Structure formats: C-alpha cells, structure tokens
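**Student:** predicted model and sequence follow; I will ask about them next.
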Amino acid sequence: MQFEVQNTCTNCNARAGKITTDHGEILTPIFMPVGTAGTVKGVHIPELRDEVKAQIILGNTYHLYLRPGLDILHKAGGLHKFNGWDKPILTDSGGFQVFSLSANRKLKEEGVYFRSHIDGSKHLFTPENVVDTQRIIGADIIMALDECTPGTADYQYARKSLDLTHQWLLRGVRHFDETEPLYGYNQTFFPIVQGCTYKDLRQKSAEFIASLNREGNAIGGLAVGEPEEVMYEMIEVVNGILPKDKPRYLMGVGTPMNILEAISLGVDMFDCVMPTRNGRNGMLFTWDGIINIKNKKWEDDFSPIEENGATFVDKIYSKAYLHHLIRCQEILGAQIASIHNLGFYLSLVEEARKQIQNDTFAEWKSKMVVQLAQRI
C-alpha cells in the first residue's frame, strides 16, 4: 500500500491524499460504509459503487468468523469474490465486538476467550489467529487485535489494558510479517492507538505505534462514551505524534460534524454504522441539517428527499413516500434511507477534499458544522 499527501490546509491540519492498493485507489479524506457481515445492510453492490460512490468498504472479523465462517470464505477465494465487491476492503480485527457483544469473556495474555453471541459456543482470538483470519477474509487493510476500553475506564484499568494491547500488537506484527497473503494481492497491517481519555497514555501509545513504522495507523477507543471535546483533544494529541506520511484512520466515528472536526485535526479515514443504522430508524442527514422522516410534518411533503442529493433515491422518491415507508416498516424505506445517508456521507468527504485542495477548508468547516447539526 502507498500513501501520498497531495494537499494541506493552511489554517488547520486537514489534508487531501491518495491511498493506492492492489484493488484500486482511495482518495482521502474518505468514509468507509460498514459491511459488518459481508454486506452493507440493504444496499446492493452496484448502488454502493455507482450511486453512493464508495471507494472502500469495511467488514468485521468477528462476525465473518462466526458466519459464514472461514471455510466458506476460503473456498470462495476471500470476501471480494464472496460478495462481488472489487474495490478495497478493510477489516476490523473483531476486538471491539468481542468486548461489546460477548457478555462472557476473559482476557488473558495469550488472547481473549469469548462466547459467540449467536449460539454461546466458546472461541479464542489471539493476535496471531486474527491475522490468519483476516488473511482468509482477504481484506486489503487488516487491523491489529486490541482491547477497546470504555471511555469511562479508570486510569489503572486503562494503563493495564494499553500494556496488553501493545504486547498483542508486537505479536500481531511479527505474525503478519512471517505470513503471506492467500489470493495473489498485497495486504497491509494497521496498529491501533489506545489509551482511553488519558493524555499520557495516548502519547505513549502513539509514540510506540509510530516507532513500528507500519504503512498506516488507526486511532481506536474514542466515541465510546467520552464527551466530544475530550475525543477531539485525544485526536489532536495522537495526530501530533503519528507520522504525517502515513494515513490515519479514526475508528467508528461518527456524525458528519465529528468527521469534519476530525478532518481538521488531520484524520484521513472514517467508518461508522450511523448512516445506515440511523437511516433505518428514519434519521436522514442532509446538507441543510438532520431530518426525522417519521415526523408528521413530512406526511404530505411531496418534494424530493433532497433537492441536490447525491443518489438516484433523492431524485425519484419524495419525503412523503419515505415517511410512509418508514412508518410502515417497509424494507424499501430502510434501503432508501441507507442509500441516501451513505451518498451524503461520501459527498461530504468529497466536498471536504475539494475545500482542502482550494485551501478554504477551515472557513467552510466552521459554517458546515453548525448547518449540518440543525434539526429541520
């Protein structure tokens, strides 16, 4: 994988760049739609590619490991062949899901023991076997196994957790470097900065990870209960240490406003379930602000979902029709809202890139974070 910083912002740390993988180029800043179990819920591959204009999607190791399982994915030739997506894929190592979904888990030096949320069966994730699993899934970018500490964790817990995450990281790096991809194209390995909301731990983690000189780096353990201003402070601390010539991926964040603020702090890559999950529940993100399409005010509004929307659904369907579908819990309503929201997120980062190229990002961002947060 290669990364090139192409433009920077004079009045902030935003940058526009290009990541090159064996499955194609990714222009940054970029948002990655979340395809947890091998699918972005309710969205066909042609819609992702041609309407949403996604350049990379995310899969999740925990969910894919449990279903359909590694045997099926290996027989298929990896996730690209299994789901028909021919552009880059990133996989989360599954650590976050183990800690958030499994009520019965045990952290040991060797790894994490957990029970499946599906059938209660016992499993073990180690730094080594999650590399092997992601080799089988075949993602272009794979993540290290880490523990995602809650934003409210006390200092002693966060410090012990970080030490374990760093021990696991060294084992994961070593195993990645000792193994080969399975399907004839290159993969790259991103470490994850942790440290909860403690500045000294975040600094320690960022320095340790920068010293490993991998091809890209991730920032984890944010947007998990801490105040937004603390999240931005931690991002600023970390990005002051992580190398400027490597892409920076902020995991699981977030709202359009969060994304713009994080871009201004030097983040390049984002993912979040919010556009699809919130869309299924009737929340639409638009250039004028946030719409709750369930509200009665949209019942007889026959204007397009968004006049200048990025996708075909914005032009074909009215707010009144989408209001009806969501209220009736029709599957089509969830699909329309998901496509709209994903199209908006991708058009947002595309416009942010243009503003960075024009060196007008800082001023534009200051206006947009207010406008996008409005409830219409």
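**Tutor:** Sure, I can see it.

**Student:** for Leu101, give me the pLDDT.
**Tutor:** Note on Leu101: pLDDT of 67.

**Student:** then Leu265?
**Tutor:** Looking at Leu265, the pLDDT reads 98.

**Student:** the one 4 residues further on too?
**Tutor:** Reported pLDDT at Met269 in the predicted model: 98.

**Student:** just give me the longest helix of the chain.
**Tutor:** helix 331-357 (DSSP state H).

**Student:** mind listing what's buried along the helix or strand following that one?
**Tutor:** Later in the chain than helix 331-357, the nearest helix or strand by DSSP states H and E is helix 361-373. For helix 361-373, the neighbour count (16 or more other CB atoms under 10 Å) marks 361-362, 364-365, 368-369, 372 as buried. C-beta here means a position set from N, CA and C on the backbone, and glycine is covered the same way.

**Student:** touching, His323 and Asn292? I think so.
**Tutor:** No. Contact criterion CB atoms under 8 Å: His323 and Asn292 do not qualify, at 9.7 Å.

**Student:** so which elements touch the lowest-mean-pLDDT helix or strand in the chain?
**Tutor:** Lowest by mean pLDDT, DSSP states H and E among the helices and strands of the chain is helix 95-101, with a mean of 76. Helices and strands touching helix 95-101, by 3 or more CB pairs under 8 Å, 6 or more residues apart in numbering; DSSP states H and E, are helix 61-66, strand 112-115.

**Student:** recalculate using a threshold of 7 Å.
**Tutor:** If you count contacts as 3 or more CB pairs under 7 Å, 6 or more residues apart in numbering; DSSP states H and E, helix 95-101 packs onto helix 61-66.

**Student:** ok, residues contacting stretch 297-312?
**Tutor:** 51-52, 284, 286-287, 313-315, 317-320, 322-323, 339-340, 343-344, 346-347 (CB atoms under 7 Å, 6 or more residues apart in numbering).

**Student:** what is the mean pLDDT for stretch 281-300?
**Tutor:** 98.

**Student:** now the farthest one out in this structure, which residue is it?
**Tutor:** Distance from the C-alpha centroid of the chain, by CA atoms, centre = their mean, peaks at Asp300 (35.7 Å).

**Student:** in which helix or strand would I find it?
**Tutor:** Using DSSP H and E, no helix or strand contains Asp300.

**Student:** name all residues that make contact with Tyr113.
**Tutor:** 105-106, 122, 124.

**Student:** one more pass at 8 Å, please.
**Tutor:** Remark: with contacts taken as CB atoms under 8 Å, 6 or more residues apart in numbering, Tyr113 is in contact with 105-106, 122-124.

**Student:** appreciated, that's everything.
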